[in-house]
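J.: my questions are about this predicted structure, shown below with the sequence.
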Amino acid sequence: MKLIIILLSSFLFLKAEFIAGFDKHYYALSIKEKREVFIKKINALLDVSFKEIENEKEFIDIFFEEAIKNNFRKLNTNAVQKLWSLKEKYRVKNLYDHKEYQMRIQKVPKSLAIAQAIIESATGTSRFAKEANNLFGEWTWGEKGLIPKERSEGKTHKIRIFDTLQESVDSYLLNLNRHDAYKEFRAWRWDAINQNEKLDGKEAASHLEKYSEIKSNYTKLIISIINQHKLDELD
């Protein structure tokens, strides 16, 4: 009996960790109101994610500035351990490849991220958004995930489950910043940064055809959403 209670308590604790991103009041709003609330929500979540990226960028710059001064001698052990964790997180091949960290640890245009969230989650109303806090259609092949109802025979992917919407936004950014499929996007972004140009969401969309199976039509859809809601004002 005691074991059953412990198991039940553990189950309830795990269930409690999942925080639904939008409550029932959100779904009662009009389409226009939903869009307004959704855009503000994702914008705020991106601010939190961007703050963490800024902290990581600052660490990288300071680390390499100090390391170069000392010709990479007598490196701080804790700093090297943190660098290693960022190497693993962003899948940087060479531990001391400063440029690769700089190319990967960056923000994305807010207009791009918000437009993609609107598309991939149907403005937070999709099954994946409601049951998995998944705003960007991210897949997983692990045990934890939702099986898509339209999944083709022979396919094994699932829709990744996030405990919070913030986790979904963080994961989306990390995906763009480290996955091999988005090398072209990162190269475009790095060139824009070096040339002191604004990171434009519509331009970014043209480098993300690999994000969706509909390729160039996906780019057109993102641009349409950005224009419709004037999201580029947030860039």
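T.: It's in. Being a predicted model, the structure only gives us computed values, none of them experimental.
J.: what about the chain, any weak spots by pLDDT?
T.: Filtered on pLDDT under 70, the chain yields the residue ranges 1-16.
J.: can you give me the helices for it?
T.: 2-17, 24-27, 31-69, 77-90, 98-104, 110-121, 127-132, 165-178, 183-194, 201-205, 216-229 (DSSP state H).
J.: right, so of those, which gets closest to E150?
T.: E150 lies closest, by CB to CB, to one member of those: helix 127-132, at 10.8 Å. Every residue, glycine included, has its C-beta placed from N, CA and C.
J.: wait, isn't A117 in contact with I42?
T.: Yes. Here A117 lies in contact with I42, judged by CB atoms under 8 Å, at a distance of 5.1 Å.
J.: give me every residue that touches the most centrally placed residue in the chain.
T.: Nearest residue to the geometric centre of the chain (CA atoms, centre = their mean): Y172, 1.7 Å. For Y172, the residues meeting the contact criterion (CB atoms under 8 Å, 6 or more residues apart in numbering) are A113, Q116, A117, L135, F136, E138.
J.: so which of those residues is the most crowded?
T.: L135 (31 neighbours; other CB atoms under 10 Å).
J.: hmm, back to that, let's have the contacts of Y172 in JSON lines, adding distance to E197.
T.: JSON lines is the format used below for the contacts of Y172 (distance: CB to CB, whole Å):
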{"residue": "A113", "distance to E197": "18"}
{"residue": "Q116", "distance to E197": "21"}
{"residue": "A117", "distance to E197": "24"}
{"residue": "L135", "distance to E197": "27"}
{"residue": "F136", "distance to E197": "25"}
{"residue": "E138", "distance to E197": "29"}
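J.: could you single out the nearest of the residues you listed to W190?
T.: For these, the nearest to W190 is A113 (17.9 Å; CB to CB).
J.: run a quick neighbour tally on L231.
T.: 24.
J.: how far away is the residue lying closest to it once chain neighbours are set aside from N196?
T.: Using CB to CB, 6 or more residues apart in numbering and skipping the chain neighbours, the partner closest in space to L231 is S111 (3.7 Å). Note on S111: its distance to N196, by CB to CB, to the nearest Å, is 19 Å.
J.: what about those two, which has more around it?
T.: Using other CB under 10 Å as the criterion, S111 and N196 rank with S111 on top: 26 against 6.
J.: against S224, how distant is the more buried one?
T.: Counting by CB to CB, the separation of S111 from S224 is 12 Å.
J.: swap in E17?
T.: Note on E17: its distance to S224, by CB to CB, is 37 Å.
J.: with Y27 instead?
T.: Per CB to CB, Y27 is found 24 Å from S224.
J.: do the same with D23
T.: Taking CB to CB, one finds D23 at 29 Å from S224.
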